[in-house]
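A.B. asks: make a model of this:
(one chain, ligands or ions: 1)
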Amino acid sequence: MAGSGTLKALAFGLPLAAAALFLALVDPSPRAVRLNDLCEGLRPRLAANDFEFGALLDHARTNMASRLEAGEHETLVYFLLQSDAFTSRAAIDPLTLARQTAAQDYKPTVFVRARIRDFLAAMEKPAERQRLTYWQTHLTREQLTVATLELYLHETLNHLSRADKNGTSSYPGRSLLSDTTLASSFAISGAAVSLRRLDPKVQVEKVLIVGPGHDFAPPGNLHDDIPPQSYEPYLAADALLASDLAEEPFLNIHCFDINARVLHFLEEFKRSAAPKLTLPVEPASNAFNSWFETSGRAVGIVSSDAYKRTISVRPGVAKRVTGEKLDIVTERLVPSPGYDLVIAFDVLRYFREKELSLALANIQAMIRPGGYFIHNDARAEAGEVTGLLEMPVIQRGSVNLGANQNGLYFIHRRL
Ligand SMILES: C[S@@+](CC[C@H](N)C(=O)[O-])C[C@H]1O[C@@H](n2cnc3c(N)ncnc32)[C@H](O)[C@@H]1O
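C.D. replies: All right, here's what the predicted structure looks like:
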């Protein structure tokens, strides 16, 4: 985001100190959160002094980096078990495998070993599909061994069976995955409709999405014939335009993520002459199916067959979505960009209590007074901390995903 203000200041021929002030006023840029940025109610929950707070941030940064790395290992395992880009063997569903094997004394079956062998062989050959070429360029020699891949597999199955046994939808402390679901985009569209009803006059122009994700290799239903993509920002734009919360010429969606793959996709999509999203058809509830049937029409031209739905996004809309590397737990943009709306789905649920408090404080500081925040973290702590931050929940809602599943959303308003 930095840059344009400096140029403008220099163009106006301002002295250096005045230019710095000008820059501070107009160009929000990332900086680490400080203890005295936080409201009094929150400080004692986090640290007694600046020294303790510094140690807390250092720990959060190292922890985030190692969880991001573990998330990438897990993504590799999901790819290994499901992709048809390097083998003609049947896909193996990761959750079914985790349930079948007692994780502690897990031994790879012959089917899994055969897939690992095929994958390693494919690493040496020319490849076309994007996910496979991604691994060819990003994995090190040390990672490309049976022993390392089996270790990643073991760790992943452990995670999966633990989450499965706990039956939980929150994963504090878990490895950070980039995967994204249409269920979140459906819930965001439900929240947009509710927000329109709550505040019939509001217009949003500056929107922030925290953690838009990228569907590289989800824990199930990998469609490797469709190139990897981040669809949440464009489907969110679609929901905001369709519900009259925004008008295209004024809408700008900025995204924060810590995963380079996500940011790379957003950048490429913005530059593409013919940006296109391809969504797999996965029937669910009637409500989901009718949302899916109409989604995309406000941002482009839609065509479908029995298996896929293609949205040719107007390049003008694709250019309205930008991305930036920012860790929402430890950083914020200063001065506040004053977002009208912040969206954070399936992100907060990965954070432990203190990480959650920091992330919520950073989000609140970047929303304008009277602006909105929507997310799907149902934990009581999220309600408590947003109360302390004077950004209370004003509406809870859900969308019906079918099979007794609901996609929750919480709408908050900054006072
Ligand atoms: C599970 S994905 C969710 C994607 C999408 N929002 C959805 O609901 O389908 C979580 C995303 O949040 C990002 N993320 C995780 N921790 C983050 C942090 N501390 N700051 C910014 N982004 C983060 C991940 O890289 C990933 O892209």
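A.B. asks: burial check on the closest residue to residue 276 other than its chain neighbours, number of neighbours?
C.D. replies: Spatial nearest neighbour of residue 276, chain neighbours left out: residue 312 (5.3 Å); criterion: C-beta to C-beta, 6 or more residues apart in numbering. For glycine as for every other residue, the C-beta is placed from the backbone atoms N, C-alpha and C. Counted with other C-beta atoms under 10 Å, residues neighbouring residue 312 total 15.
A.B. asks: before we move on, what about residue 196?
C.D. replies: 17.
A.B. asks: please report how far it lies from the ligand.
C.D. replies: 21 Å (C-beta to the nearest ligand atom, to the nearest Å).
A.B. asks: let's see the pLDDT reported for the residue nearest to residue 276.
C.D. replies: What the model reports as pLDDT for residue 312 is 98.
A.B. asks: which strand or helix spans it?
C.D. replies: strand 308-313 (DSSP states H and E).
A.B. asks: so what touches whichever helix or strand comes after that strand?
C.D. replies: Under the assignment DSSP H and E, the closest C-terminal helix or strand after strand 308-313 is helix 315-318. Outside helix 315-318, the residues that touch it by C-beta atoms under 8 Å, 6 or more residues apart in numbering are 234, 237, 248, 269, 270, 272, 273, 274, 275, 299, 300.
A.B. asks: flag every residue of the chain that's near the ligand.
C.D. replies: 64, 176-181, 184, 210-213, 232, 256-259, 262, 327-329, 345-347, 350 (C-beta under 6 Å from any ligand atom).
A.B. asks: and the contacts of helix 315-318, which are buried?
C.D. replies: Buried members of these, scored by 16 or more other C-beta atoms under 10 Å, are 234, 237, 269, 275, 299, 300.
A.B. asks: quick one: contacts for the fifth one?
C.D. replies: By that I understand residue 299. 234, 237, 238, 241, 311, 313, 314, 317.
A.B. asks: now do the helix or strand hosting the fourth one against strand 308-313, angle only.
C.D. replies: Secondary structure assigned from DSSP H and E places residue 241 in helix 232-242. What separates the directions of helix 232-242 and strand 308-313 is an angle of 70 degrees, with axes from the mean of the first three to the mean of the last three C-alpha atoms, to 10 degrees.
A.B. asks: who wins for neighbours among the contacts of residue 299?
C.D. replies: Most surrounded of these: other C-beta under 10 Å gives residue 234, at 29 neighbours.
A.B. asks: separation between it and residue 277?
C.D. replies: 6 Å (C-beta to C-beta, to the nearest Å).
A.B. asks: need the residues touching each of the two.
C.D. replies: What both residue 234 and residue 277 touch, as defined by C-beta under 8 Å, 6+ apart, is the set 296, 311, 313.
A.B. asks: possible to save those residues as a markdown table with distance to residue 57?
C.D. replies: Putting those into a markdown table (distance: C-beta to C-beta, whole Å) gives the following:
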| residue | distance to residue 57 |
| --- | --- |
| 296 | 40 |
| 311 | 40 |
| 313 | 37 |
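A.B. asks: tell me which of those residues is nearest to residue 150?
C.D. replies: Relative to residue 150, the closest of these is residue 311; by C-beta to C-beta it sits at 39.2 Å.
A.B. asks: the closest one and residue 304 touch, don't they?
C.D. replies: No: counting by C-beta atoms under 8 Å, residue 311 does not reach residue 304; the two are 9.8 Å apart.
A.B. asks: pull out the buried positions in stretch 329-336.
C.D. replies: Counting neighbours by 16+ other C-beta under 10 Å, stretch 329-336 gives 329, 330, 331, 332, 333, 334 as buried.
A.B. asks: inside helices: which ones of the residues you listed?
C.D. replies: Using DSSP state H, no member of the buried residues of stretch 329-336 falls within helices.
A.B. asks: in CSV: these, plus pLDDT and distance to residue 40.
C.D. replies: Output for the buried residues of stretch 329-336, formatted as CSV (pLDDT from 0 to 100; distance: C-beta to C-beta, whole Å):
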residue, pLDDT, distance to residue 40
329, 98, 21
330, 98, 21
331, 98, 22
332, 98, 18
333, 98, 23
334, 98, 20
